[in-house]
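Student: for reference, the sequence and a predicted model appear below.
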Amino acid sequence: MRWSGPGFIITVLALVVSGCGSNNFLVYKDGSNFFITRDCEARQRLLCDSGDIGRIVARPALPQSLQNRIKEAICAPGVTKADMHEILAEMTEEQLSSLKQSFRDNGYEINKPIDA
């Protein structure tokens, strides 16, 4: 199923308004997009298999313990969406901003619908 631009944008906005996207965000790279909390093949391939997640979390604003928790919540088997939601909810605005900027610095676009 292919999303139309307006349909996808309306869906994303509905999720954000309903509170599902409070600290969650959509990442896009190489024709794939996914919410950072979603466990999917694209997330595994782009973040874990490539090693990108290690480069992304290696930021001065993120303490080592937080870096490890994020990597585990994204790449470890059996981790739930709720685990990543919990981590994002605990992060300060500065840390969340730093994480998003690090995604950008590593070739990802943030909150960009696939058809935009």
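Tutor: Yes, it's here.
Student: give me the contacts around stretch 72-85.
Tutor: Here stretch 72-85 makes contact (Cβ atoms under 8 Å, 6 or more residues apart in numbering) with 23-24, 36-39, 43-44, 47-48, 53, 70, 87. Any C-beta I mention is one placed from the backbone N, CA and C, and that applies to glycine too.
Student: which among those gets closest to D105?
Tutor: I53 (13.3 Å; Cβ to Cβ).
Student: list the buried residues for stretch 81-89?
Tutor: Neighbour-count burial for stretch 81-89, counted by 16 or more other Cβ atoms under 10 Å, picks out 83-85, 87-88.
Student: quick one, helices of this protein?
Tutor: Listed in chain order, the helices of the chain (DSSP state H) span 5-17, 41-43, 52-57, 64-75, 81-90, 93-105.
Student: just these: most buried one?
Tutor: Mean neighbours per residue, mean count of other Cβ atoms under 10 Å, is largest over those for helix 52-57, with a mean of 19.
Student: what packs against it?
Tutor: helix 64-75, helix 93-105 (3 or more Cβ pairs under 8 Å, 6 or more residues apart in numbering; DSSP states H and E).
Student: okay, which residue is most central for this structure?
Tutor: The residue lying closest to the centre of the chain (Cα atoms, centre = their mean) is I36, at 2.4 Å.
Student: now do that residue, the pLDDT please.
Tutor: At I36, the pLDDT value in this model is 86.
Student: so for W3, what's the pLDDT?
Tutor: So W3 comes in at 51 (pLDDT).
Student: returning to what we had before: tell me which of the helices of the chain lies nearest to N111.
Tutor: helix 5-17 (7.6 Å).
Student: just the closest of the contacts of stretch 72-85 to E109, please.
Tutor: Out of these, the member with the shortest distance to E109 (by Cβ to Cβ) is I36, at 12.7 Å.
Student: who's in contact with that closest one?
Tutor: 24-27, 43, 74, 84, 88.
Student: among the residues you listed, find the lowest-pLDDT one for me.
Tutor: Minimum confidence in those sits at N24, scoring 83.
Student: burial count for that residue?
Tutor: N24: 19 surrounding residues under other Cβ atoms under 10 Å.
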